[in-house]
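> Let me see the structure of the following:
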Amino acid sequence: MTRRVVETKAATLDNEQLTIITVFEKVVNKEQIKKMSGFSKTHDVLIQRGNVWEYKAK
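All right, here's what the predicted structure looks like:
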């Protein structure tokens, strides 16, 4: 199964840069993630191969 990884960037009130990384459950697809948040973000995936998770950046 594939898990979606979403990276969102933001700034605090003090102009410090934040990076928020969210790993979604296997049942959530890309369209559902887009509906949850309208912010600009990158979509990557984690792919399970046996007992190992492989990270794929798009």
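
> Tell me which stretches of the chain form helices.
30-36 (DSSP state H).

> can you list the weak-confidence ranges in it?
Low-confidence segments of the chain, defined by pLDDT under 70: 38-40.

> do that again at 90, thanks
For the chain, the stretches flagged by pLDDT under 90 are 1-2, 4, 6-11, 19-22, 26, 28-44, 57-58.

> And the residue of the chain positioned farthest from its centre, how far from Gln32?
Going by Cα atoms, centre = their mean, the residue of the chain most distant from its centre is Asp14, 24.8 Å out. For Asp14, the distance to Gln32 equals 33 Å [Cβ to Cβ, to the nearest Å]. The C-beta positions use only the backbone N, C-alpha and C, and glycine is treated the same way.

> returning to that earlier point: distance check, the residue farthest from the centre of the chain against Ile21.
For Asp14, the distance to Ile21 - Cβ to Cβ - is 21 Å.

> With just CA atoms, put stretch 28-36 into CSV.
Extracted in CSV, the C-alpha atoms of stretch 28-36 (Å, rounded to 0.1, in the frame of the first residue of the first chain):
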residue,chain,number,x,y,z
VAL,A,28,-6.6,8.6,1.9
ASN,A,29,-6.1,9.5,-1.7
LYS,A,30,-4.6,12.7,-3.2
GLU,A,31,-8.0,14.2,-4.1
GLN,A,32,-9.2,13.9,-0.5
ILE,A,33,-6.0,15.6,0.8
LYS,A,34,-6.5,18.5,-1.6
LYS,A,35,-10.0,19.0,-0.2
MET,A,36,-8.7,19.0,3.4
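
> Can you give the contact residues for it?
Stretch 28-36 has contacts (Cβ atoms under 8 Å, 6 or more residues apart in numbering) with 4, 6, 24, 43.

> of the residues you listed, buried ones?
Buried by 16 or more other Cβ atoms under 10 Å: 4, 6, 24, out of the contacts of stretch 28-36.
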